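>>> sequence plus predicted model, see below.
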Amino acid sequence: MSEFKIGRALGLSFRAWGRNLVPFTVLALVLYAAPVVWILTTDLSKATSVDDLANRAFVYPIYALTLGATMISPLLTYRVVQDLNGQRVAMSTSLKYGLRGILPAIILAVVVNVLGLIPMGGIIASVITCSWVVAAPAAVAERLGPIPALVRSAALTSGRRWGIFG
């Protein structure tokens, strides 16, 4: 395996993104449609308090957007890996294999959000994020379950976490 070079990684990423622009965009539109529809159709005049207004206008849509953002990476990973290997796969195949990565991604999101609620939890959440950042792609690419994917991610990021943090 050749040495990691950021320029090469970015070039490969942009080439894969360019070749898959339409299916990636359609998937993003589908995943982000629900919070957009929520925002556009919610009658804020029916809010009973300031907290209710904040929940309806911001909190609920942000949780839905976060869920969409959490799901999009694993759902696209299989297609990107196959694209980098020179093979074209159907988007349905990518989604089928990508479902394997959703649970590790959700575990990471939940742990990070819960840690954000405690004092100094943001620091711990940053360390965990740097350790588990590739859990979803590892689950998809290596056909791992959620816990083995988190362990594999920690192994893959070992020695590189300061760079990931940066």
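Yep, it's here.

>>> so how far is stretch 81-91 off the chain centroid?
19 Å (Cα atoms, centre = their mean, to the nearest Å).

>>> show me what the helix or strand encompassing Ala136 is packed against.
Assigning secondary structure by DSSP states H and E places Ala136 in helix 135-141. If you count contacts as 3 or more Cβ pairs under 8 Å, 6 or more residues apart in numbering; DSSP states H and E, helix 135-141 packs onto helix 60-84, helix 102-115, helix 146-157. Just so you know, the C-beta spots here come from the backbone N, C-alpha and C atoms, and that holds for glycine as well.

>>> need the contact partners of the first one.
So the one you mean is helix 60-84. For helix 60-84, the surrounding residues in contact (Cβ atoms under 8 Å, 6 or more residues apart in numbering) are 12, 16, 19-20, 23-24, 27-28, 31-32, 34-35, 38-39, 88-89, 91, 93-95, 97-102, 104-106, 108-109, 136-137, 139-141.

>>> which among the residues you listed count as buried?
16, 20, 24, 27, 31-32, 35, 39, 91, 94-95, 97-98, 100-102, 104-106, 108-109, 136-137, 139-141 (16 or more other Cβ atoms under 10 Å).

>>> any idea which residue is closest to the centre of the protein?
With distances taken as Cα atoms, centre = their mean, the residue of the chain nearest its centroid is Thr70 (3.3 Å).

>>> gap between the two ends of stretch 85-103?
25 Å (Cα to Cα, to the nearest Å).

>>> what lies in contact with that stretch?
23, 26-27, 70-71, 73-79, 82, 135-140, 143-144, 146, 149.

>>> kindly recompute the last result at 10 Å.
Stretch 85-103 is contacted by residues 19-20, 22-24, 26-27, 67, 70-83, 105, 134-147, 149-150 when judged by Cβ atoms under 10 Å, 6 or more residues apart in numbering.

>>> now it: average pLDDT?
Computed over stretch 85-103, the mean pLDDT rounds to 87.

>>> and what of stretch 130-137?
For stretch 130-137, mean pLDDT rounds to 89.

>>> that one spans what distance, first to last residue?
14 Å.

>>> start the count at 33, not 1, going forward
Sounds good: first residue 33 from here, last item stretch 162-169.
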